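Need coordinates for the below:
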Amino acid sequence: MKYVVCIPDGCADLPVPELDGATPLEAADTPVLDALAARGEVGLAQVIPPGMPPGSDVGNMSIFGYDPAAYHTGRSPIEAAALGIDLAPDQVAYRCNLVTVTEDGIMADFSGGHPDSAQAAEVVEALDRELGGEVSFHAGVQYRHTMIAPADWADAECTPPHELSDQPVVGPRGAAGPKLAALEEASRSVVGRFGLGANRIWLWGQGFRPEMPSFRELHGVGAGMVSAVDLVRGIGVLTGMEIADVVGATAWYDTNYEGKRDAALAGLAAGADLYAIHVEASDEAGHEGNVAEKVRCLENWDRRILAGLVEGLDEMGPWRLLLLPDHATPLTTRSHTDDPVPYLLVDSRADGPGGTYTERGAASAALAPGHSLMGKLLS
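Alright, predicted model coming up:
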């Protein structure tokens, strides 16, 4: 038996006026997904536990079967793991976004114009050279980077920048707030020299290294994943999953959909029991408020991943598939929410009750804890 987990990041949504009150899942042309839903089980999952921040760290931890209430310590230490940073007990990791804030204090772009990763790395190297010492800066992907600081810098309340799109910025509070604010202000003179869309850094998502059992220890099977996002890859690193690298895989609309699909099929053919495919594009479209792109992302999932994925799985033998986002990212709010999301479970050997994979199609289903779905997939 082979298992696949498909994660179209942030794809769940609310009715969109530009789509005549439909959601992107309802509006998109997805014949393969529709056929899978007609033979599978459509349900509703609470991937973000009550009281926890609605981020991809919490949501993806749930999807991989780890109860965030037990294992989550913060977003950035997961990303640090993906970068090969082994956090010491007396260190705290912060997410370091390259952002664009207007002169009058409005968060114009939490992603700093989506700089090229190589260009961004030059900025981060300069930050470390000129502002490092007690802290250190480490380059990640595009606008997503990491800062490591002493443990006593952890006492701060920081607002995720994607929750402030087109709104006045709210600086860090708490005991470490002044230190963080001073670094953010000092970063202007560094970031501004490079001619990118970004003009400063934003520090948030801090945490200490989490202690997590391996995926095999927890679930009894060997697993791999393919993702261009360090936050998701970091969960794989911390839990001993195989991490596939794909040429052309990005965390943006231009990602290599086919390459991710083929990497998953190759990993399964090479002996992995389970493979996860994560695509960030639909989440970015939600944050951008880009209706057409969010619909297009879902259609790309259908024709560029699911179509060939099902064909490839059929050639291997029996398989089961779980598909769901890690959270909702509504186009109308341009931010993550903790709303329940629809999930789809398909077994190649036996038809389920059938349904429609949309928010409304799952609305009447019983609510399942997100971290319970991996066990349901593998049962």
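
Tell me which stretches of the stretch 151-300 of the chain form strands.
Along the stretch 151-300 of the chain, counting by DSSP state E, counting those that start in this stretch, strands occupy 200-207, 223-226, 242-244, 274-279.

residues touching the residue positioned nearest the centre of the chain, list them.
Ranked by distance to the mean C-alpha position of the chain (Cα atoms, centre = their mean), the top residue is residue 56 at 4.2 Å. Residue 56 makes contact with 9-10, 75, 229, 231-232, 283, 326-327, 336, according to Cβ atoms under 8 Å, 6 or more residues apart in numbering. For the C-beta atoms, the positions are set from N, CA and C on the backbone; glycine is no exception.

Quick check: neighbours of the longest strand along the chain in the sheet, parallel or antiparallel?
Longest strand in the chain, counting residues (DSSP state E): strand 91-101. Strand pairing for strand 91-101, determined by DSSP bridges: strand 107-109 (antiparallel), strand 144-150 (antiparallel), strand 200-207 (antiparallel).

Please work out which of those is packed deepest.
strand 200-207 (a mean of 25; mean count of other Cβ atoms under 10 Å).

How far off centre is that one?
From the chain centre to the centre of strand 200-207 is a distance of 16 Å (Cα atoms, centre = their mean, to the nearest Å).

Restrict that strand to CA atoms and write it as PDB.
Provided in PDB are the C-alpha atoms of strand 200-207 (Å, rounded to 0.1, in the frame of the first residue of the first chain):
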ATOM      1  CA  ARG A 200      13.500  46.500   6.200                       C
ATOM      2  CA  ILE A 201      13.200  43.300   8.200                       C
ATOM      3  CA  TRP A 202      10.300  42.100  10.300                       C
ATOM      4  CA  LEU A 203      11.000  39.700  13.200                       C
ATOM      5  CA  TRP A 204       8.300  37.300  14.500                       C
ATOM      6  CA  GLY A 205       7.300  33.600  15.000                       C
ATOM      7  CA  GLN A 206      10.000  33.000  17.700                       C
ATOM      8  CA  GLY A 207      10.400  29.700  19.500                       C
END
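
Straight-line length of stretch 45-54, end to end?
Terminal residues of stretch 45-54 are spaced 13 Å apart (Cα to Cα, to the nearest Å).

Check which residues of it are buried.
45-49, 52-54 (16 or more other Cβ atoms under 10 Å).

burial of the spatially closest residue to residue 306 that is not a sequence neighbour, as a residue count?
Distances taken as Cβ to Cβ, 6 or more residues apart in numbering place residue 32 nearest to residue 306, at 4.3 Å, with adjacent residues excluded. Per other Cβ atoms under 10 Å, the neighbour tally for residue 32 reads 17.

I figured residue 32 hits residue 307, correct?
Yes. Contact criterion Cβ atoms under 8 Å: residue 32 and residue 307 qualify, at 5.0 Å.
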